[in-house]
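*Asks:* sequence first, then the predicted structure:
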Amino acid sequence: MPEASKSGAANLMISVGSYLPQRIVTNDELAMSVDTSDEWIRQRTGIAQRHIVAEGEKTSDLARNAAEEALSRVGLSGADIDLIIVATSTPDDTFPSTATKIQHQLGAHNAIAFDVQAVCAGFVYALDVADAMLTAGRGQRALVIGAESFSKILDWQDRSTCVLFGDGAGAVLLERCETETDYGILATKLHADGAHRDILYVDGGPSSNGNVGHVRMEGNKVFRHAVEKLSSVMDEVLDAAAMRVEEVDWLVPHQANIRIIEGMQKKMGLGEDRVVKTVHEHANTSAASIPLALSAAVNDGRIHDGQVLAFEAIGGGLVWGAALVRYGRP
Ligand code: UT7
């Protein structure tokens with residue numbers, strides 16, 4: 001049975017920000033150092049280029065830039081924030097968290113701060129946690145940031161993975177609204193199944209071999225899980241919000257592969273004008289990909305206040321989830 005449609009107090013998504021490193025690496029450039037081609041990468045993934053961090057540029061630098069843009073867009077500062085969650089699998093350090101670095105750099109003295117590690121599903125996981133914490137009265141405003149320097153954990157000799165990923169960060173700003181509204185986060189649904197660990201993992205870590213390690217993936221096995229699990233969690237989240245797919249204005253999916261995105265587009269019966277696609281420019285930026293895509297579509301005017309957005313993502317674990325949001329302020 002669908003739950004009642006969410007109305008009453010809510011957590012609004014009032015702003016977005018993003019940051020991409022300056023350096024762009026094209027498929028042709030990659031093909032000079034690994035046995036691949038622009039044609040293969042475009043056909044199999046839709047990717048044309050990716051942004052890569054400069055020497056010395058860290059995940060926290062990307063995250064801070066994205067967060068600052070989200071704050072300045074609505075005239076707020078770090079002091080106005082009560083909660084900072086950074087979704088990342090490529091933190092600056094094993095500890096402390098990247099979120100605490102951002103908290104200090106933004107002067108967010110009142111905020112609690114921590115990282116969430118759910119790889120490519122990190123943004124929807126962090127959004128769910130922030131939504132629950134604001135609803136539980138842990139504060140008025142939260143920054144949810146997806147930030148990754150995946151280039152640091154790629155094996156640049158492994159053509160089956162190194163062509164797929166890029167670096168970047170995106171941030172959203174949530175604000176508690178106590179008056180009745182149908183805006184804000186409408187529903188979220190998360191899942192995990194650790195039985196699939198071996199099809200997507202990093203072969204390193206502090207308590208295993210002490211190395212940072214590299215991404216290892218059986219891409220075609222992950223691919224087979226993707227559309228099936230994403231479409232099922234999308235049905236669940238629509239059900240939880242008592243909404244129909246026709247009420248969704250924009251699908252803002254995780255950007256791993258254009259074939260997965262178009263598979264979801266087909267399953268949901270959405271036209272080209274209702275799906276945000278940035279995979280060709282950004283490649284797969286893991287936890288950053290959804291807020292980066294959202295930011296691109298807000299900046300160019302496609303997404304505006306009052307529209308219903310559907311987010312979905314799947315990543316290593318496996319972990320996957322979806323969220324429905326009516327964007328902006330009432
Ligand atoms: O965001 C986290 C979740 N991750 C994903 O969602 C990724 C999901 N998986 C995928 O996107 C796709 O599976 C890939 C893009 C990773 C691979 O596409 P595929 O159509 O599943 O290809 P494949 O892995 O089955 O490989 C096909 C062929 C192989 O050659 P043979 O065995 O047929 O001779 C590979 O060795 O393509 C070869 N290949 C490449 N060729 C040129 C693999 N990588 C490359 C490459 N350039 N970069």
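*Replies:* In hand now; what should we look at?

*Asks:* could you pull out the helices for the stretch 101-250 of the chain?
*Replies:* 122-135, 159-162, 219-240 (DSSP state H, counting those that start in this stretch).

*Asks:* which of these has the highest mean neighbour count?
*Replies:* Sort these by mean neighbour count, taking mean count of other Cβ atoms under 10 Å, and helix 122-135 sits at the top with a mean of 24. Where you see a C-beta, it was placed from the backbone N, CA and C, and this is true even at glycine.

*Asks:* could you dump that helix to PDB, C-alpha only?
*Replies:* Only the C-alpha atoms of helix 122-135 are listed here, as PDB (Å, rounded to 0.1, in the frame of the first residue of the first chain):
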ATOM      1  CA  GLY A 122      26.800   8.100  -1.700                       C
ATOM      2  CA  PHE A 123      24.800  11.100  -2.600                       C
ATOM      3  CA  VAL A 124      21.400   9.400  -2.200                       C
ATOM      4  CA  TYR A 125      22.600   7.800   1.000                       C
ATOM      5  CA  ALA A 126      23.800  11.100   2.400                       C
ATOM      6  CA  LEU A 127      20.600  12.800   1.300                       C
ATOM      7  CA  ASP A 128      18.600  10.200   3.200                       C
ATOM      8  CA  VAL A 129      20.700  10.600   6.400                       C
ATOM      9  CA  ALA A 130      20.500  14.400   6.300                       C
ATOM     10  CA  ASP A 131      16.700  14.300   5.700                       C
ATOM     11  CA  ALA A 132      16.300  12.000   8.700                       C
ATOM     12  CA  MET A 133      18.500  14.200  10.900                       C
ATOM     13  CA  LEU A 134      16.800  17.400  10.000                       C
ATOM     14  CA  THR A 135      13.400  15.800  10.600                       C
END
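
*Asks:* does the ligand sit close to it?
*Replies:* No. Residues of helix 122-135 are not located near the ligand by Cβ under 6 Å from any ligand atom, the shortest gap being 10.4 Å.

*Asks:* spatially nearest residue to the residue of the stretch 151-300 of the chain found nearest the ligand, not counting backbone neighbours?
*Replies:* Proximity of the stretch 151-300 of the chain to the ligand (Cβ to the nearest ligand atom) peaks at G219, 2.6 Å away. Of all residues not flanking G219 in the chain, S160 sits nearest, at 6.2 Å (Cβ to Cβ, 6 or more residues apart in numbering).

*Asks:* again, but for D128
*Replies:* Of all residues not flanking D128 in the chain, T188 sits nearest, at 4.1 Å (Cβ to Cβ, 6+ apart).

*Asks:* just L292 next, same as before
*Replies:* In space, L292 is closest to G170, 4.1 Å off (Cβ to Cβ, 6+ apart).

*Asks:* the one you found against S295, yeah?
*Replies:* Yes. The pair G170 / S295 is scored as a contact, 5.3 Å apart, by Cβ atoms under 8 Å.

*Asks:* who's more crowded, the two?
*Replies:* G170 (34 against 30; other Cβ atoms under 10 Å).

*Asks:* enumerate every residue touching the more buried one.
*Replies:* 16-19, 66, 123, 145-147, 288-295 (Cβ atoms under 8 Å, 6 or more residues apart in numbering).

*Asks:* dump stretch 253-264 to PDB, keeping only the CA atoms.
*Replies:* What follows is stretch 253-264, C-alpha atoms only, in PDB (Å, rounded to 0.1, in the frame of the first residue of the first chain):
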ATOM      1  CA  PRO A 253      20.300   9.800 -12.500                       C
ATOM      2  CA  HIS A 254      23.800   8.700 -11.500                       C
ATOM      3  CA  GLN A 255      26.000   9.200 -14.500                       C
ATOM      4  CA  ALA A 256      27.900   5.900 -15.000                       C
ATOM      5  CA  ASN A 257      27.000   4.900 -18.500                       C
ATOM      6  CA  ILE A 258      24.600   6.400 -21.100                       C
ATOM      7  CA  ARG A 259      23.200   2.900 -21.800                       C
ATOM      8  CA  ILE A 260      22.100   2.500 -18.100                       C
ATOM      9  CA  ILE A 261      20.600   6.000 -18.100                       C
ATOM     10  CA  GLU A 262      18.800   5.300 -21.400                       C
ATOM     11  CA  GLY A 263      17.600   2.000 -20.000                       C
ATOM     12  CA  MET A 264      16.000   3.800 -17.000                       C
END
